[in-house]
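> would you be able to build a 3D model of this:
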Amino acid sequence: MPGRELMRSVTSMRVLAELAADHGMSLGACLAGTGVPEKSLADPAALVTANQELRLIRNLVEYLGECPSLGLEAGRRYHFTAFGTLGLAMISSPTMRSALDVTMRYFGLTFAFTRFQVADRDGETQIVLDDAGIPKELRRFIVERDACALITIQRDLFAQQAPLQRLAFSFDRPAQAPEYKAVFGVSPLFAAPANLAVFDGRLLQLPLPQANELAQRAAEEQCRRLIGERSAQAGIVAQVRERLAASAPRMPDMDTLADQLCMTTRTLRRRLLSENTSFIVLRDEVLLNMARELLATSCLSIEQIGERLGYAESTCFINAFKRWTGQTPHAYRLMMRAERLGPR
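Numbering: from 1, shown residues only. Reported below is the predicted structural model:
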């Protein structure tokens, strides 16, 4: 799955293992195939890969598939304290909106598998939870978990008012739909074109009760250090892919990305060249992978997919896709549909 190469804390796997235990699932069954020893769950310094956590999620969903709204139950367990230093940076931020900015800057320290795309429009803050690249059989659980964790943290930071105005999910309406209103405070739209949470921008600008400039600066510095340490365990190509994919559709330019990686542009260019690639090649690769995923699995129009990838005009997206693959996005979508249907 693209964009999740960075190592992550074992905390999320521990949260999910506790959820499994509450439903009678043994720890051995929960960790089967992950390669993570049981003792690591008790080690606050232990790191795992995204694929190891994804395998645990697969075990959980396959074992407890009959449990309705399992993702919601999981998401309610992700309080800001689960995110360690990032959680401290969030809660010490001056406003909820700035806390969201901090989260996006250090997104690699979250446990999300969806990619957050944040935009401010007409007094609202909109967050798309992009589930491209997530295995279909795990998609609903992960989207539910990530969305519910977002709201859980919001309530931890500022419980007095509810800034969430609207919510939409791309999966079909489940039988237990009324439960979603009890969890989120609003009734979601189901079978929507995208997973979307819309917040009242005015409420997000209200001061947080535990804002502390010095604490936030110290926490952000620690976040930068953690990102650097974990990035060192992945190649530079993986790091660049991670940040580009997490930032879509507003991908950083090379100068900005080099600064995020705590190096000069010249050093970044040289290190990419040493791995026989370049910033432009990797950017196009990430865009192509995202485009293919959306064309193959979503009901979004060509124009909507182009917008999702940051193209102002659909013709620009069509021309880029044709340059990458030799065919138009429409032709690729038809080909993928034909492959799924098989010979008749």
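
> got any ranges where the stretch 101-250 of the chain has weak pLDDT?
By pLDDT under 70, the low-scoring segments of the stretch 101-250 of the chain are 232-234.

> list the buried residues of the longest helix belonging to the chain.
If each helix of the chain is counted by residues according to DSSP state H, the longest one is helix 136-157. By neighbour count, with 16 or more other CB atoms under 10 Å as the criterion, the buried positions of helix 136-157 are 138-155, 157. For every residue, glycine as well, the C-beta is placed using N, CA and C.

> same thing with stretch 65-74?
For stretch 65-74, the buried set under the neighbour-count rule, 16+ other CB under 10 Å, comprises 69-74.

> now swap in stretch 92-111 and tell me
Using 16+ other CB under 10 Å as the test for burial, stretch 92-111 gives 92-93, 95-100, 102-111.

> stretch 75-86 now?
Burial within stretch 75-86, assessed by neighbour count using 16+ other CB under 10 Å, is assigned to 75-78, 80, 82-86.

> roughly how far out does it sit from the chain middle?
15 Å (CA atoms, centre = their mean, to the nearest Å).

> buried sites along the helix or strand hosting residue 13?
Residue 13 is located in helix 11-22, with elements delineated by DSSP states H and E. Residues 11-17, 19-20 are the ones in helix 11-22 that count as buried (16+ other CB under 10 Å).

> return the subset of the buried residues of stretch 65-74 lying in helices.
Using DSSP H, the members of the buried residues of stretch 65-74 that fall in helices are 70-74.

> residue 288: which of those is nearest?
Comparing these against residue 288 with CB to CB places residue 71 closest, at 29.3 Å.

> for that closest one, what are its contacts?
Residue 71 makes contacts with 140-145, 148, as judged by CB atoms under 8 Å, 6 or more residues apart in numbering.

> can you pull out the strands in the stretch 1-150 of the chain?
According to DSSP state E, counting those that start in this stretch, the stretch 1-150 of the chain carries its strands in the segments 8-9, 47-48, 115-121, 124-130.

> out of those, flag the one nearest residue 27.
Relative to residue 27, the nearest member of those by CB to CB is strand 47-48, separated by 15.0 Å.

> re earlier: closest to residue 325 among the buried residues of stretch 65-74?
Nearest to residue 325 among those is residue 71, at 34.0 Å by CB to CB.

> would you quantify the distance from residue 131 to residue 194?
Relative to residue 194, residue 131 is positioned 9 Å away (criterion: CB to CB, to the nearest Å).

> which residues do those two both contact?
Counting by CB under 8 Å, 6+ apart, the residues touching both residue 131 and residue 194 are residue 170.

> compare those two and say which is more crowded by neighbours.
Comparing residue 131 with residue 194 by neighbour count (other CB atoms under 10 Å), the higher total belongs to residue 131, at 25 against 19.

> next, give phi and psi for the more buried one.
Recorded main-chain torsions at residue 131 are phi -100, psi 20, according to degrees, to the nearest 10.

> much appreciated, bye for now.
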